[in-house]
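**Q** any chance you could fold what I've pasted below:
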Amino acid sequence: MEETLICYKNVEVHQQELSVLREVNLELGKGEFVYLIGKVGTGKTSLLKTFYGELEVMEGEAEVLGYDMRSIKRKHLPQLRRKLGIVFQDFQLLTDRCVYDNLEFVLRATGWKDKEAISERIEEVLKLVGMSNKGYKIPNELSGGEQQRIVIARAVLNDPDIILADEPTGNLDIDTSRAIVELLHDICKGGSSVVMTTHNLQLPKQYPGRVYCCVDHRLINVTDRFGAATSTDGADALRSRKEKTIDIE
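**A** Next up is the predicted model:
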């Protein structure tokens, strides 16, 4: 049976006092690629934040990598987050140090001590993202696409079970966006599940995965509208048929 990494049942997501999403039902299996689409302000990023404990889950059942997100203690959040790789839209690289030092900082912060092992791991991830010769560069010396590749390298340093990518192509041109999504799909095939938010509806058509839309404070499975070769369970399929009139543009 496929291992379930995220299981949300009838979850309600709040942003401060405002209810952003209601009755969220979502499962993420090992090796799956899931898109979260929807207009700005519909709750995509807020939902991602609940996966790593940045926002609390107010109602329902919510489990991420074996942790109950309704009752997880703050002291346990670092343990959870070590199993996650987070790709931020605005990069959040340390601008006062080179690429290599950015990556070394993360490894040392997560318990790596052996200098040789650190160097080998950094070389591995830079090769993975096609940036082997960029370790000496300062972030502002790189293009947007190159910086995003470094952010992905940072996210995979500790072999995460799940990568959460928040609009990773939002500030990139079309060709660079495709290259980034191809890279994320390659990493997914390597074993890490991926949840990616995007407002670019062409990407799920070109690079299939399961697709959910945040609309009218709900999360709707719309995979069948993108021709993605990914099965949906009976409940999701039924909900999708009922919601055919939902505008996802």
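**Q** give me the number of residues near the residue nearest to residue 38 when sequence neighbours are not counted?
**A** For residue 38, the nearest residue in space outside its immediate sequence neighbours is residue 214; the separation is 3.5 Å by CB to CB, 6 or more residues apart in numbering. Using the backbone N, CA and C atoms, a C-beta is placed for each residue, glycine as well. Residues within reach of residue 214, counting by other CB atoms under 10 Å, total 25.
**Q** report the contact partners of residue 214.
**A** Remark: with contacts taken as CB atoms under 8 Å, 6 or more residues apart in numbering, residue 214 is in contact with 21, 36, 37, 38, 42, 43, 44, 47.
**Q** cool, residue 162 as well?
**A** Residues touching residue 162, when contacts are defined by CB under 8 Å, 6+ apart, comprise 5-6, 28, 51, 64-65, 83-85, 192-195.
**Q** now residue 16: how far from residue 56?
**A** Counting by CB to CB, to the nearest Å, the gap between residue 16 and residue 56 amounts to 11 Å.
**Q** coming back round to it: surely the residue nearest to residue 38 forms part of a strand?
**A** Yes. Looking at residue 214 with DSSP: H, G, I helix; E, B strand; the rest coil, it is inside a strand.
**Q** does the residue minimising distance to the centre of the chain count as helix, strand or coil?
**A** Centroid-nearest residue in the chain, with CA atoms, centre = their mean: residue 164, separated by 1.6 Å. When classified by three-state DSSP, residue 164 comes out as strand.
**Q** where does the chain have low pLDDT?
**A** Across the chain, the ranges flagged by pLDDT under 70 are 1-2, 228-249.
**Q** all strands of it, in order?
**A** According to DSSP state E, the chain carries its strands in the segments 4-15, 18-29, 33-37, 57-64, 67-68, 84-87, 162-166, 193-198, 210-215, 218-221.
**Q** direction included, what does the third one pair up with?
**A** The one in question is strand 33-37. Taking DSSP bridges as the criterion, strand 33-37 pairs within the sheet with strand 193-198 (parallel), strand 210-215 (parallel).
**Q** C-alpha coordinates for the first one, CSV please?
**A** The C-alpha coordinates for strand 193-198 follow below in CSV (Å, rounded to 0.1, in the frame of the first residue of the first chain):
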residue,chain,number,x,y,z
SER,A,193,7.1,14.0,-3.0
VAL,A,194,6.4,17.6,-4.2
VAL,A,195,3.6,20.0,-3.4
MET,A,196,3.8,23.1,-5.6
THR,A,197,1.6,26.2,-5.7
THR,A,198,1.3,28.0,-9.0
